[in-house]
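Student: Fold the following and give me the result.
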Amino acid sequence: MLAPIDWAVIGAYLAFSVSVAFVVRGRAETSRRSYFVADHTLPWWWAGTSIAATTFAADTPLAISGIVASRGISGNWLWLAWMAVHAAVVVVFARRWWRTGVVTDAEFITVRYGTSPAASALRSFRAGLYGLVYNAIILGWVLRAMGKIVQPIFPWSETATLVGLVAIVTLYAAVGGIRGVIITDLIQFALGLIGSTWLAIAVWRHVGGRSGLREGLISEYGEGWSQITALFPDFTSGWAAALGIGAFSFGAYLLVQSYANVPADGGGYLQQRLNATRSEADAQRAAALFFVIQYVVRIWPWLLVAVAALVIYPLGAPADPGAGTPFADLVAADREMAYPALMFALLPAGVLGVLVVSLLAAFMSTIDTHFNWGASYVVSDVLMRVRPDASPRLQLVVARASVVGFAVLAVLVALQIDTIEQAWRWVAALGAALGIPTALRWFWWRMNPEAELGSAIAGLAVAAVLVSTGTLPYELQLVAISVASVVGTAIGVNRGARVDPGVVAGFARRVSPIGIWPDRPLRGGFGELGRAAGWVVLIVAGATTILWTIKSLLIA
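Tutor: Okay, the predicted model is just below:
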């Protein structure tokens, strides 16, 4: 399948990835802060690009191909809804995360609520949920996606390929720390963007450009072609109507989904990158750069390939490998395989090697971040609480051992995941249970640890029932989980102990939050929230307009 020049490109890329870690190794070995947040010395564009590289995993174009095949472009609001939270990070959270100075978002619990027993329990719960469960699911689905990609590429077994790639990532992530991860991310992102754009152009030309794509869709799907290319679902027909979802419930779903798959305050690895920058202004610039890349720059190649795949590999077509369309049987069995199938069907030697490297880069840029991020919880929220006097050497030993541990965990979880979209939905259920209190703690002084724990208990209990029984469509499941979370939050606020006023005042001085706080008039607090919400809506509306315009120019 791969020509010698393709193998040369792949080999050069893998050698580069490992060498970077050893070049920067010395700067990662002074303390946990150097290892996990680079001593707050990174340029803002490094951090912003690195966040974009992490969210561009190898699973992304495959999942989008599957979503478009089942629901059309409008099905991608499964993840496009995240732009609301990411816009809020630009407007509200980026600067304030940097002011906290924390290494992990679980460590933030101590800054916000102090060291009461409830706060300590919440910090342990958050570290376990995000550092272990959430992280493991994401790592598992990324490996699952890569397993699909390597099936037609490498002559040896899928498992052997994945183990080899994970071993390489583990080596450079463990040795180089966050600085090594981010430097490789910069190259990996560039390769990923070049590769996805190259394939999109090749596929677009193959179907005859915009007019050929439109004619092909009409020929294959008749009047239903317009539902495939619509940015928003048709509530009178199509997938939304089939699930009984109207405009109101879809709006409620978008609101919940906006914080379901990502922490509602931009925590996690995004916060880690923001806190690695040189200043709070740089943190905001990094968040803004990521938003532009995520929702304006790189989305169109994925959508273009996914829609064109419906013409080249029509839905319901016979899975006949001898019918003139290579890999038709592979795509018929799994629509997510349309993306790698088109790579091999349309690209010449050399170019194919670049595309394979771009997917390897996308894969590696995601799992290296999650290895490093997961290890940060182990060191900051476990080791440093048990051994506050732990030496820098011990911190680094535990950090590197944790990277290896997450590598093993990722492989084990990947074996349990059937589809990438399925894993996305499990992560969303977790996020829907925690999103409301995660945001409120930045805006309202009355939030307490019991409110967050109550939200988690109520939301996760409802999630366990709904996800396991499937009694509601996924979109309505998220709304129900979020409603339960609100109830749990309200109970916790009213029944839990108030946070020490000195802790609240110290947090307010340190972070300068907006919203309802003891040191400002109620009306002024609501005014601050209103202005911030206005900016978020304006940014989201602008990004959506640009997305619709590009889609209309390229597709229909």
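
Student: For the helix or strand bottoming out on mean pLDDT in the chain, list every residue counted as buried.
Tutor: Lowest mean confidence among the helices and strands of the chain (mean pLDDT, DSSP states H and E): helix 238-242, at a mean of 72. Of the residues in helix 238-242, Gly238, Trp239, Ala240 count as buried by neighbour count, 16 or more other CB atoms under 10 Å. From N, CA and C alone the C-beta is placed, and that goes for glycine too.

Student: just these now: which is nearest Pro348?
Tutor: Trp239 (37.0 Å; CB to CB).

Student: Ignoring the adjacent residues along the chain, who's closest to the closest one?
Tutor: Nearest residue to Trp239, sequence neighbours excluded (CB to CB, 6 or more residues apart in numbering): Arg71, at 4.5 Å.

Student: Hmm, the one you found is touching Asp234, no?
Tutor: No: using CB atoms under 8 Å, Arg71 makes no contact with Asp234, being 11.0 Å away.

Student: Run through the stretch 401-550 of the chain and note the low-pLDDT ranges.
Tutor: 417-424 (pLDDT under 70).

Student: Does anything pack onto the helix or strand encompassing Ala190? Which helices or strands?
Tutor: Following DSSP states H and E, one finds Ala190 within helix 158-206. Contacts defined by 3 or more CB pairs under 8 Å, 6 or more residues apart in numbering; DSSP states H and E place helix 158-206 against helix 4-23, helix 32-37, helix 44-55, helix 135-150, helix 299-312, helix 338-346, helix 351-377, helix 392-414.

Student: quick one: that helix to helix 299-312, angle?
Tutor: Between helix 158-206 and helix 299-312, the angle comes out at 80 degrees (axes from the mean of the first three to the mean of the last three CA atoms, to 10 degrees).

Student: before we move on, back to that, go through the helices and strands packed on helix 158-206 and find the least confident stretch.
Tutor: Comparing mean pLDDT across the helices and strands packed on helix 158-206, the lowest value falls on helix 135-150: a mean of 77.

Student: what angle do that one and helix 351-377 make?
Tutor: Counting by the same axes, to 10 degrees, helix 135-150 lies at 170 degrees to helix 351-377.

Student: now for helix 135-150, which elements pack on it?
Tutor: Packing contacts for helix 135-150, counted by 3+ CB pairs under 8 Å, 6+ apart, involve helix 59-71, helix 158-206, helix 351-377, helix 392-414, helix 420-440.

Student: was I right about Tyr13 contacting Val356?
Tutor: No: taking CB under 8 Å as the definition, Tyr13 is not a contact partner of Val356, at 9.2 Å.

Student: neighbour-wise, which of the two wins?
Tutor: Comparing Tyr13 with Val356 by neighbour count (other CB atoms under 10 Å), the higher total belongs to Val356, at 26 against 21.

Student: Mind checking the helices and strands packed on helix 158-206 for the one nearest to Glu452?
Tutor: That would be, of the helices and strands packed on helix 158-206 and by CB to CB, helix 351-377, which comes in at 16.7 Å.

Student: Check which helices and strands the helix or strand just after the closest one sits against.
Tutor: Downstream of helix 351-377, the next assigned helix or strand under DSSP H and E is helix 384-386. Helix 384-386 is packed against no helix or strand, with contacts defined by 3+ CB pairs under 8 Å, 6+ apart.

Student: average pLDDT across helix 384-386?
Tutor: Mean predicted lDDT for helix 384-386 stands at 91.

Student: Number of residues surrounding Leu529?
Tutor: Using other CB under 10 Å: Leu529 sits among 16 other residues.

Student: Residue numbering should commence at 839 henceforth.
Tutor: Done: numbering now begins at 839, and the last item shifts to Leu1367.

Student: my read is it is in a helix, agree?
Tutor: Yes: checked against DSSP: H, G, I helix; E, B strand; the rest coil, Leu1367 lies within a helix.

Student: List the contacts of it.
Tutor: Phe1281, Ile1352, Gly1353 (CB atoms under 8 Å, 6 or more residues apart in numbering).

Student: Please repeat the previous calculation with a cut-off of 10 Å.
Tutor: Val930, Phe1281, Trp1282, Ile1352, Gly1353, Ile1354 (CB atoms under 10 Å, 6 or more residues apart in numbering).

Student: mind checking pLDDT for Met839?
Tutor: Looking at Met839, its pLDDT stands at 64.

Student: ok, the nearest residue to Gly1105 once chain neighbours are set aside - contacts?
Tutor: Of all residues not flanking Gly1105 in the chain, Asp943 sits nearest, at 3.4 Å (CB to CB, 6+ apart). Listed by CB under 10 Å, 6+ apart, the contact partners of Asp943 are 935, 961, 964-965, 968-969, 1101, 1103-1110, 1113, 1211, 1214-1215, 1219, 1276.

Student: quick one: Asp943 is in a strand?
Tutor: No: checked against three-state DSSP, Asp943 lies outside a strand; its state is coil.

Student: Other residues contacting the least confident helix or strand of the chain?
Tutor: Outside helix 1076-1080, the residues within contact range by CB under 10 Å, 6+ apart are 908-910, 912-913, 1062, 1064-1066, 1068, 1070-1073, 1083-1085, 1087-1088, 1091, 1311, 1313.

Student: Return the subset of the residues you listed lying in helices.
Tutor: The helices, defined by DSSP state H, take in Ser908, Arg909, Ser1064, Gln1065, Ile1066, Ala1085, Ser1087, Phe1088, Tyr1091, Glu1313 from the contacts of helix 1076-1080.

Student: from the residues you listed, which is closest to Gly985?
Tutor: Distance to Gly985 across the ones in helices among the contacts of helix 1076-1080 (CB to CB) is lowest for Ser908, with 20.8 Å.

Student: my read: the closest one touches Arg1173, true?
Tutor: Yes: between Ser908 and Arg1173 there is a contact at 7.2 Å, judged by CB atoms under 10 Å.

Student: The two - which one has more neighbours?
Tutor: Between Ser908 and Arg1173, Arg1173 has the larger neighbour count (other CB under 10 Å), namely 21 against 12.

Student: Can you give me every residue that contacts that one?
Tutor: Contact analysis of Arg1173 by CB under 10 Å, 6+ apart lists 900, 903-908, 1144, 1147-1148, 1151, 1153, 1257.

Student: same thing but 8 Å
Tutor: Ser903, Gly904, Ala907, Ser908, Ala1147, Leu1153.

Student: what's the closest of those residues to Gly1030?
Tutor: The closest of the contacts of Arg1173, once distances to Gly1030 are taken by CB to CB, is Ser903, at 15.9 Å.

Student: What does Asp943 show for phi and psi?
Tutor: Asp943 has phi and psi values of phi -70, psi -20 when expressed as degrees, to the nearest 10.

Student: can you check Ile1352 too?
Tutor: In terms of degrees, to the nearest 10, the main-chain angles of Ile1352 are phi -100, psi 160.
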